[in-house]
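Q: Give the three-dimensional model of this entry:
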Amino acid sequence: MRKGFLGHSFEQILVVVILILAIFLLEFFHDSNTRLIIKALLSFLYIAIGLFHHFEEKNLKPSQILEHTAIAALMFIILSVIYK
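A: Below is the predicted model:
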């Protein structure tokens, strides 16, 4: 069942809150191993929330799995360059 924009606002707010929290933690912790774990968890959560969203909508396709994985990898790379 398609929820529409307002029906998905919890998922959208969750992604934004997780991103803000991750950036705060990356600024707070300066240890490279801790930062690596934070970036990996952020990427994994982005994939998990995206796949859950499409699974719930009953329109999960292999291309969407690849899309969310690619965006998470790009996000990981960008954060790795910014937060070494």
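Q: Identify the residues contacting stretch 65-75?
A: L42, S43, F44, Y46, I47, G50, L51 (CB atoms under 8 Å, 6 or more residues apart in numbering). For every residue, glycine as well, the C-beta is placed using N, CA and C.
Q: In ChimeraX, how would I select the buried members of those residues?
A: Under the burial definition 16 or more other CB atoms under 10 Å, those of these that qualify are selected in ChimeraX by:
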select :42,43,46,47,50
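Q: Give me the subset of the contacts of stretch 65-75 lying in helices.
A: Per DSSP state H, helices hold the following members of the contacts of stretch 65-75: L42, S43, F44, Y46, I47, G50, L51.
Q: Contacts only, for the fifth one.
A: For I47, the residues meeting the contact criterion (CB under 8 Å, 6+ apart) are H68, T69, A72.
Q: Quick check: buried residues in the helix or strand the first one falls within?
A: When you say that, I think you mean H68. Element membership for H68, per DSSP states H and E: helix 62-82. Buried residues in helix 62-82, counted by 16+ other CB under 10 Å: Q64, H68, A72, M75, F76, L79.
Q: where's the third one relative to D31, distance?
A: Taking CB to CB, to the nearest Å as the measure, A72 falls 22 Å from D31.
Q: what sits against L25?
A: Taking CB under 8 Å, 6+ apart, one finds I38 in contact with L25.
Q: Report pLDDT for it.
A: Per-residue pLDDT puts L25 at 95.
Q: Could you check how far it is from L60?
A: For L25 relative to L60 (CB to CB), the value is 30 Å.
Q: got it, and F52?
A: The value you get for F52 to L60, if CB to CB is used, is 9 Å.
Q: A70 now?
A: A70 sits at a distance of 16 Å from L60 (criterion: CB to CB).
Q: Name all residues that make contact with the most centrally placed residue in the chain.
A: The C-alpha lying nearest the average C-alpha coordinate of the chain belongs to Y46 (CA atoms, centre = their mean; 2.0 Å). Y46 makes contact with V15, I18, H68, I71, A72, M75, according to CB under 8 Å, 6+ apart.
Q: what do you get for L51?
A: L51 makes contacts with L60, Q64, I65, H68, as judged by CB under 8 Å, 6+ apart.
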